[in-house]
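Asks: have a look; sequence and predicted model below, questions after that.
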Amino acid sequence: MSTLRDRIAFITGASSGIGRECARELARTGARLLLCARRKDRLDQLAQELHEEHGTDVHTFVLDVRDRHAVDQAISALPEAWRSIEILVNNAGLSRGLASIPDGEIEDWEEMIDTNVKGLLYVTRAVTPGMVARDRGHIVNVGSIAGREVYRGGGVYCATKWSVRALTQALRMDLHGTAIRVTTVDPGLVETEFSTVRFHGDEARAAAVYRGTRPLTPKDVAEVVAFCATRPAHVTLAEVVVLATDQATATLVNRRTD
Ligand code: NDP
Ligand code: 8X3
């Protein structure tokens, strides 16, 4: 295992779920953490927790990854001590709705595409030139099994995650010949705020997604992200699919009735 002590890891969408647990796991490796999301109060609480538990040096900032000027501004305005980003975890993302394409809400589509595809690209565009200049770095994209399959009502969300997988492969080709690594970690069902967000705050509908089954926890996924980031420099874990044992495909989920 290579150590991340004092390396800078930048996690987007660190205020909840997988991103928050990635912060906790990477803090254990000794990394310094740059954390962004729209909910700054949560980021600051997390920063305090990580500082108290691990002595982690954390810098938080508000960022809506859909706003490309804000992304450029936030990255270019980083204090000198935070500029040499070594690990970028492109995690910020969401789904909205489960409508068919004929019935789809166009605002929902735009929010998913703007966040999951364009936001990931804006952040990657802002961060990778520094990695190229230093000839070191690792980009870990949080994709999904929705980037490998399609399910009814998931058309646009799946399309965004297929895009993430395409962009991951493309970036690995674009960076070929450098020391920079590119990984996609593609989870199945993980119990986070994801379904509450998908169903616009309908907690009962969100809870039903996980009823009777044992989904992944955000920590399960974050441990994999940290594992990928701590391989020796000559090793790239290119694609990792992480499933709950209760899940075989996006739609084949074992549910117990009791
Ligand atoms: P959560 O809803 O718990 O977390 C999503 C995170 O993304 C939050 O921190 C949120 O922060 C941030 N975010 C959303 N939109 C934006 C934005 N415009 N700008 C900045 N940050 C944003 O869900 P998960 O942890 O489950 O989701 C994390 C990633 O994992 C997503 O890319 C998702 O697609 C993927 N994924 C999730 C799976 C699951 O079953 N849960 C399975 C496979 C992949 P804030 O609202 O404060 O901005
Ligand atoms: C989240 C997993 O199957 O709900 O990316 O789309 S799924």
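Replies: All right, it came through fine. Ligands and ions are numbered 1, 2, ... in the order given.
Asks: when you work out contacts or count neighbours from here on, use the C-alpha atoms and nothing else.
Replies: Fine.
Asks: does residue 56 touch residue 26 like I think?
Replies: No - between residue 56 and residue 26 there is no contact under CA atoms under 8 Å: 9.6 Å.
Asks: intersection of neighbour lists for those two?
Replies: residue 33 (CA atoms under 8 Å, 6 or more residues apart in numbering).
Asks: neighbour-wise, which of these two wins?
Replies: The neighbour comparison of residue 56 against residue 26 (other CA atoms under 10 Å) goes to residue 26, with 26 against 23.
Asks: that one: helix or strand, and which one exactly?
Replies: Per DSSP states H and E, residue 26 falls inside helix 17-28.
Asks: quick one: mean pLDDT for that helix?
Replies: Helix 17-28 shows an average pLDDT of 98 in the prediction.
Asks: one more: stretch 85-96?
Replies: 98.
Asks: now tell me what touches that stretch from outside.
Replies: 7-14, 18-19, 37, 65, 108-109, 111-112, 115-116, 120, 123-124, 127, 130-131, 136-142, 157, 194-195, 197-200, 229.
Asks: got a PyMOL select line for the buried ones in the residues you listed?
Replies: Only the buried entries of the contacts of stretch 85-96 go into this PyMOL selection, using 16 or more other CA atoms under 10 Å:
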select buried, resi 7+8+9+10+11+12+13+14+18+19+37+65+108+109+111+112+115+116+120+123+124+127+130+131+136+137+138+139+140+141+142+157+194+195+197+198+199+229
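Asks: what sits against residue 164?
Replies: Residue 164 makes contact with 116, 117, 141, 143, 147, according to CA under 8 Å, 6+ apart.
Asks: excluding chain neighbours, what is closest to the first one?
Replies: Right, residue 116. residue 93 (5.0 Å; CA to CA, 6 or more residues apart in numbering).
Asks: burial measure for that neighbour, as a count.
Replies: 24.
Asks: make sure I have this right: it is in a helix.
Replies: No - Residue 93 is assigned coil when assessed by DSSP: H, G, I helix; E, B strand; the rest coil, not a helix.
Asks: what's it sitting at in phi/psi?
Replies: phi -180, psi 170 (degrees, to the nearest 10).
Asks: and it, how far from ligand 2?
Replies: 9 Å (CA to the nearest ligand atom, to the nearest Å).
Asks: ok, residue 110 next?
Replies: Distance of residue 110 to ligand 2, computed by CA to the nearest ligand atom: 17 Å.
Asks: am I right that that residue sits in a strand?
Replies: No - checked against three-state DSSP, residue 110 lies outside a strand; its state is helix.
Asks: count the residues that sit near it.
Replies: 13.
Asks: let me know whether residue 257 touches residue 212 as I believe.
Replies: Yes - using CA under 8 Å, residue 257 is in contact with residue 212, at 6.3 Å.
Asks: name the residue in the two with the higher neighbour count.
Replies: Comparing residue 257 with residue 212 by other CA under 10 Å, the one with more neighbours is residue 212, at 14 against 6.
Asks: low-confidence ranges in this protein?
Replies: For the chain, the stretches with pLDDT under 70 are 1, 258.
Asks: for it, which helix is longest?
Replies: In the chain, ranked by residue count with DSSP state H as the criterion, the top helix is helix 155-174.
Asks: show me the contacts for residue 168.
Replies: 141, 182, 183, 184.
Asks: any idea how far residue 128 is from residue 137?
Replies: 8 Å (CA to CA, to the nearest Å).
Asks: can you tell me which residues in this structure are near ligand 1?
Replies: Proximity of the chain to ligand 1 (CA under 6 Å from any ligand atom) is limited to residues 12-19, 37-39, 63-66, 91-94, 115, 142-144, 187-194.
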